[in-house]
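**Student:** please work out how this folds:
(2 chains)
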Amino acid sequence: MHTVTFSEATLEAMREEMRRDATVFLMGEDIAKQGGIFGQFKGLPEEFGVERVRDTPISEAALVGAGVGAALTGCRPVVDMHFADFITCSMDELVNQAAKLRAMFGEQCVVPMTLRAPDGITKSAGAQHSQSLESWFVHTPGLEVVVPADPEDAKGLLKAAIRSDNPTLYFEHKALFPVKGPVPDDDDFVVPIGKAKPMRDGTDVTIVTYGITVTRALEAAALLEAEGIEVAVLNLRTLWPLDYDAIADAAARTHRIVVAHEAVRVGGVGAEIAAFLGEQCFDDLDGPVVRLGAAHVPVPFAPALQEAMYPKTPAIADAARRLARREL
Amino acid sequence: MATTLSSSAGPAGAERGLGLLRTMVRIRVLEEGIEKHFLAGDIPGFAHLSIGQEAVAAGTCANLRRDDAIASTHRGHGHTLAKGTTMRAMVAELFARTTGVCKGKGGSMHIADFSVGMLGANGVVAGGFGLVAGAALSAVLRKTDQVAVCFFGDGATNRGPFHENLNLCAIWNLPAIFVLENNRYASTTSTAETMKITDVARRADGYGMPSAIVDGFDAFAVFDALETAVARARSGGGPTFVECKTYRARGHYIGDPERYRRKTEVEDVMSTSDPIVRMQAVLSDELSPQQFEHLWAEARDEFADAVAFARNSPSPEQSEAFFGVYAGDRDPGDPVHRIAARERDALLPFAPSVGTGSQGSGH
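**Tutor:** Model (predicted):
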């Protein structure tokens, strides 16, 4: 194990996969000369050249479309979206092309494209630079969706996404880039797509979560431990294919489930999980499934407003506490 | 009417003309047959015909190697056949049979054949630009001399991806060729109503891309323009835009009542410009009427064989609806497979029995 930031962990993944496979290349805005807006691409053009680490015009539709075309013809493109919000400018390329082609063409092709999408709320970035849009893509057949929670996930899931023969969206929370954590030394370390990771055990309630909210759930669990409430935390890691077995297992173990994410609560991934629990795990549940997510509003600019509209550690702890105490 | 271009001259020109004519006749026979079988209810979904535009597909694909890529449109039967897909594989696909080139999962609007570099018809207007830019970029990164050709209509040039991808291919000097079939209509709306210019090739100027405007009814003219463009792309000279002035002799789709144009307009254009008639006129010194008739008879036999092949082929098993979406989803150990299998088990017992043909699609 060695300790690196989340950003450095993604850089290790890029470097290792580009060394391992000459068909892997990277393109996006401000990545080669500037090194990425979060420094997450620093040093890559020096090692791999500007043919494989390409600065592009601000043309999201062309980038994702060309990513699909390159993926269809023998390359493994990694396309950086700058901010996840800008995926909206390439929705046809992603939803009607990348997601559909393998099925529509009778499995003649694969689309091994990775889309890196820095998302989430941080530093008053405002309504058009703060969204978490993952549920749209979970809803779209043909795409894989992964969301790393820490440097280990960041490295292992990015490597898995690049090696996957399916189009994979990699949502990386902007506020996680400077966070440090341990990462295995093995060059071949990957986090399997489709498998959740239990982050801590507990007997009273499980918080099912992903991405940056894993950190907040772990903080909540630590707070509640002092109160004698034992909270398990399940890090989903992959949102599609969703690890339903791990979710069912959590229901069977703790009988009480909180689902938490930073994305808008309504129609979010938590809704799918709550529905699944209601359908498949009804007899295991001793209380309602509690869903926490952002309010159904655009993320506001003013720091005080921004911090009011999505659940952080206190809201998560409160839900888990009340559920454990059967107050819900 | 006779073409004056170099590729038509001499015995080599006659040989080339015969090849172009054969391709155009095969496309015409295929599409007239599709029209008939669609109206008879053998073909589900939508189908869009390119009758009148055959010279563009023939003249373009005659310049391409099997390993070059093309991306097509919803009006893509001609491109697909000209690039090398067999009529059997195409007709079986349109009839929604397992022996179709996409196993019956694509149909007319989403037909593809990766074995001949055909990256797909596309149900989204302007959907092919990115695929071609990416295929061209991929050719450069993999250090091959492959080229990629995008077929598109005038309507597609009003969408954003056209502009983004032309710019991208130009700045990166990619081996991409943009072949515009300006057939005067975007769906049911005249091009005159959707843009202020008559020569769409002017748009290439804005991206610093060389362009040519050719008579799209003249397969030799298309061939010559593409020969130049392909040579430029293959030798590292970058992308080219070729505008082919042509005409859509059928409605937007089979069944289109065509309220937006006079019946006589079609007759006027086709009586003077039908690309097949024109090529036959050019070749009339070299070929006898019997030889022309032989070409048509061959194409009709090929189509009849393809229809028989399709009719004798099975429809997909209904359990197929749940698989073939993700790489790996047929592996029982794969996470997506387990989810797909559960969905199959929930829905399949209630799946209605569905016959073949368009009467099978429904509600």
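**Student:** just the element for the closest residue in space to A:M113 that isn't next to it in sequence, please.
**Tutor:** Leaving aside its sequence neighbours, A:M113 sits nearest to A:A71 (Cβ to Cβ, 6 or more residues apart in numbering or on different chains; 4.2 Å). Any C-beta I mention is one placed from the backbone N, CA and C, and that applies to glycine too. Taking DSSP states H and E as the definition, A:A71 sits inside helix A:60-72.
**Student:** can you pull the contacts of the residue nearest the centre of chain B?
**Tutor:** Nearest to the geometric centre of chain B sits B:G76, at 2.5 Å (Cα atoms, centre = their mean). Contact analysis of B:G76 by Cβ atoms under 8 Å, 6 or more residues apart in numbering or on different chains lists B:S50, B:S108, B:I111, B:A121, B:N122, B:F151.
**Student:** kindly report the same for B:M90.
**Tutor:** Residues in contact with B:M90, defined by Cβ under 8 Å, 6+ apart, are B:L30, B:H77, B:T80, B:L81, B:G100, B:V101, B:I111, B:A306.
**Student:** would you list those in TSV and tack on neighbour count and pLDDT?
**Tutor:** Below are the contacts of B:M90 laid out as TSV (neighbours: other Cβ atoms under 10 Å in any protein chain shown; pLDDT from 0 to 100):
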residue	neighbour count	pLDDT
B:L30	24	98
B:H77	27	98
B:T80	29	98
B:L81	26	98
B:G100	24	98
B:V101	27	98
B:I111	27	98
B:A306	21	98
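**Student:** now, which of those lie within helices?
**Tutor:** Per DSSP state H, helices hold the following members of the contacts of B:M90: B:L30, B:H77, B:T80, B:L81, B:A306.
**Student:** buried sites along stretch A:254-274?
**Tutor:** A:254-265, A:268-274 (16 or more other Cβ atoms under 10 Å in any protein chain shown).
**Student:** that one vs chain B: in contact?
**Tutor:** No - residues of stretch A:254-274 are not located near chain B by Cβ under 8 Å from any Cβ of the partner chain, the shortest gap being 11.6 Å.
**Student:** output that stretch in CSV with nothing but the alpha carbons.
**Tutor:** The C-alpha trace of stretch A:254-274 is given here as CSV (Å, rounded to 0.1, in the frame of the first residue of the first chain):
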residue,chain,number,x,y,z
THR,A,254,-29.4,-5.2,9.7
HIS,A,255,-33.1,-5.0,8.7
ARG,A,256,-32.9,-1.2,8.6
ILE,A,257,-31.6,0.7,5.5
VAL,A,258,-30.8,4.3,4.9
VAL,A,259,-29.9,5.2,1.3
ALA,A,260,-28.0,8.4,0.9
HIS,A,261,-26.5,10.3,-2.1
GLU,A,262,-25.7,13.9,-3.1
ALA,A,263,-27.8,13.6,-6.3
VAL,A,264,-31.4,14.9,-6.3
ARG,A,265,-33.5,12.5,-4.2
VAL,A,266,-36.5,12.4,-6.5
GLY,A,267,-36.0,9.8,-9.2
GLY,A,268,-32.5,9.1,-7.9
VAL,A,269,-30.5,5.9,-7.5
GLY,A,270,-31.9,5.7,-4.0
ALA,A,271,-35.4,5.3,-5.4
GLU,A,272,-34.3,2.2,-7.3
ILE,A,273,-32.7,0.8,-4.2
ALA,A,274,-35.7,1.5,-2.0
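**Student:** can you give the distance of that stretch from its chain's centre?
**Tutor:** The chain centre lies 15 Å from the centre of stretch A:254-274; the measure is Cα atoms, centre = their mean, to the nearest Å.
**Student:** next one: stretch A:84-96
**Tutor:** Put simply, stretch A:84-96 sits 16 Å off its chain's centre (Cα atoms, centre = their mean).
**Student:** what about A:P57, distance to chain B?
**Tutor:** Using Cβ to the nearest Cβ, to the nearest Å, A:P57 is found at 6 Å from chain B.
**Student:** before we move on, the earlier item: right, and out of the ones in helices among the contacts of B:M90, which lies closest to B:G17?
**Tutor:** Of all the ones in helices among the contacts of B:M90, B:L81 has the smallest distance to B:G17: 18.1 Å, by Cβ to Cβ.
**Student:** pLDDT score for the residue nearest to the closest one when sequence neighbours are not counted?
**Tutor:** Leaving aside its chain neighbours, B:L81 sits nearest to B:I27 (5.5 Å; criterion: Cβ to Cβ, 6+ apart). The model reports B:I27 with a pLDDT of 98.
**Student:** what's the first helix or strand after the helix or strand where B:I27 lies?
**Tutor:** Per DSSP H and E: B:I27 is located in helix B:10-39. Scanning forward in sequence from helix B:10-39 by DSSP H and E, the next helix or strand is helix B:54-61.
**Student:** and the residue of chain B nearest chain A?
**Tutor:** B:G130 (1.5 Å; Cβ to the nearest Cβ).
**Student:** mind listing what that residue touches?
**Tutor:** By Cβ under 8 Å, 6+ apart, the residues touching B:G130 are A:A61, A:A62, A:V64, A:G65, A:A66, A:G67, A:V68, A:G69, A:E93, A:Q97, B:P161, B:N165.
**Student:** domain ranges for chain B?
**Tutor:** Chain B breaks down by automatic domain parsing into domains covering B:6-311, B:318-360.
**Student:** what's the most buried one of those?
**Tutor:** Most buried of the domains of chain B by mean neighbour count (mean count of other Cβ atoms under 10 Å in any protein chain shown) is domain B:6-311; its value is a mean of 21.
**Student:** and it, how far from the chain's centre?
**Tutor:** Remark: domain B:6-311 is offset 4 Å from the chain centroid, using Cα atoms, centre = their mean.
**Student:** what of stretch A:28-37?
**Tutor:** Stretch A:28-37 has its C-alpha centroid displaced from the chain centroid by 21 Å (Cα atoms, centre = their mean).
**Student:** show residues contacting that stretch.
**Tutor:** Residues from elsewhere that reach stretch A:28-37 (Cβ under 8 Å, 6+ apart): A:41-45, A:50, A:53-58, A:63, A:79-82, A:116, A:118.
**Student:** and it, how far apart are its ends?
**Tutor:** Taking Cα to Cα, to the nearest Å, stretch A:28-37 runs 11 Å from one end to the other.
**Student:** in it, what's buried?
**Tutor:** Within stretch A:28-37, the residues that count as buried by 16+ other Cβ under 10 Å are A:G28, A:E29, A:I31, A:A32, A:G35, A:G36, A:I37.
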